[in-house]
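here is the input, now give the coordinates:
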Amino acid sequence: MTTLQKRALPNGRVNLTSLGLGTSPLGGCGVPVSFEIFEAVILKAYEQGVRYFDVAPLYGLGKSEHFLGHVLRVHGLRPEVVVSTKAGRLLKPASRSKRAESLYGINWVDPLPFVDEYDYSYDGIMRSFEDSQQRMGLDHIDILFLHDVSGVWHQEKYPVYQRQLRQSGYRACDELRRSGAVKAIGLGVNETASVLEVAGEFDLDCSLVAGRYTLLNHAPLTDFFPEAQRLGIGIIAGGVYNSGILAEGSRGNALTRTYDYQTAPESIVQRVEALEAVCERHNVALANAASQFVYAHPAVTSVVQGALTTAHVEQNVASISAPIPQAFWMDLKSEALIPKEAPLPDQGSLVLSG
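Have a look, this model is predicted:
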């Protein structure tokens, strides 16, 4: 078993392994996933040293929470792992409710018979949290993310949900944290601006941010990361492959050669080809470089990646722990493929023991 490095959130209450497992794919995101597959992936991740698992009511419309809680309980793993879930959506019976509008159309295959409705009020957050506890069968949940608190996501309806948070939603989060029901509160979003906006109104411990800092996106180096560190917000990085192209590369098919969930433009493909050329010179897998580049930044507490098979889990663990020569990173900098000020991995700290 690989013993992955752990970092603590700035509040000191939660330690996360360098790699976490995100369960959105396992909720049946576009493909069918049986309980047996779900269980095998969770157990393989645990066997490989992963001790952090992220779920949400949205994933499979309750299915991922049900399945994860059952696996942890049956195999006695709960005391050994960190679990995060999300609030901001309530699940209602599909026969009597209308599903919330979503920025990205998600096709859940064989979900539970519910639809999601946005609710960031005190009652909504408390009910969401308690429902998640019931679905997972957990006494407490380590991290609670407010899901999709974002003007980009909600667009013209965003002021409505901001008002819910300001009037009562933040109070719910504060009560949950002070009571010990959760150890940390954060946002689960696909942008950085909303994290800093909310942090100006509420004390965030962390945030799960997808796709904003990658081998192809370096903007957080100069603005977001320094401010997050100043405010004591630990960043959990998702989407380190920019939705596909940094995993499968420039030669991937139409489904995997994506950037921010859209077909990758030619300018992005050309940058990936330049990265691949350096990878080939040093015999480095592009996916490994993508994962380790993100984790190298001290603002990042953990990298979360999804998996649909046990082989995917093994690939993800390799991506965060496989040795990469320092000369590779130096070439990326000399060819201006990553900024000169970007922190680089310390190979001795990626894995504690093998």
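
okay, CA-based contacts and neighbour counts for the rest of this
Fine.

pretty sure L90 sits against D119.
Yes - look at L90 against D119 with Cα atoms under 8 Å: they come within range, at 6.7 Å.

so for the two, which residue has more residues nearby?
Using other Cα atoms under 10 Å as the criterion, L90 and D119 rank with L90 on top: 24 against 20.

so that one lies in a strand, does it not?
Yes - checked against DSSP: H, G, I helix; E, B strand; the rest coil, L90 lies within a strand.

need the pLDDT of it.
Looking at L90, its pLDDT is 97.

so where do the helices sit in the stretch 1-150 of the chain?
Under the criterion DSSP state H, counting those that start in this stretch, the stretch 1-150 of the chain contains helices at 35-47, 63-74, 122-136.

export the ones you listed as JSON lines, with columns for mean neighbour count and mean pLDDT.
Below are these laid out as JSON lines (neighbours: other Cα atoms under 10 Å; pLDDT from 0 to 100):
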{"stretch": "helix 35-47", "mean neighbour count": "19", "mean pLDDT": "98"}
{"stretch": "helix 63-74", "mean neighbour count": "20", "mean pLDDT": "98"}
{"stretch": "helix 122-136", "mean neighbour count": "20", "mean pLDDT": "98"}
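
now those as CSV including distance to P226?
As requested, the helices of the stretch 1-150 of the chain are exported to CSV (distance: least, Cα to Cα, whole Å):
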stretch, distance to P226
helix 35-47, 32
helix 63-74, 34
helix 122-136, 30
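
nearest approach to C206 belongs to which of these?
C206 lies closest to helix 122-136 among the helices of the stretch 1-150 of the chain, at 17.5 Å (Cα to Cα).

how about residues contacting the closest one?
Helix 122-136 is contacted from outside by 57, 62, 65-70, 85-90, 119, 139-141, 164-165, 168-173, using Cα atoms under 8 Å, 6 or more residues apart in numbering.

now with 7 Å?
Residues outside helix 122-136 that contact it (Cα atoms under 7 Å, 6 or more residues apart in numbering): 57, 65-66, 68-70, 87-90, 139, 168-169, 171-172.

what's the angle between it and helix 63-74?
Interaxial angle, helix 122-136 versus helix 63-74 (axes from the mean of the first three to the mean of the last three Cα atoms, to 10 degrees): 50 degrees.

using CSV, list the CA coordinates for helix 122-136.
C-alpha atoms of helix 122-136 as CSV (Å, rounded to 0.1, in the frame of the first residue of the first chain):
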residue,chain,number,x,y,z
TYR,A,122,-31.0,28.2,7.1
ASP,A,123,-33.7,25.6,6.9
GLY,A,124,-32.5,24.4,3.5
ILE,A,125,-28.9,24.0,4.6
MET,A,126,-29.9,22.3,7.8
ARG,A,127,-32.2,19.9,6.0
SER,A,128,-29.7,19.1,3.3
PHE,A,129,-27.0,18.3,6.0
GLU,A,130,-29.4,16.1,8.0
ASP,A,131,-30.6,14.4,4.9
SER,A,132,-26.9,13.7,3.9
GLN,A,133,-26.3,12.3,7.4
GLN,A,134,-29.3,10.0,7.0
ARG,A,135,-28.3,8.8,3.5
MET,A,136,-24.7,8.0,4.6
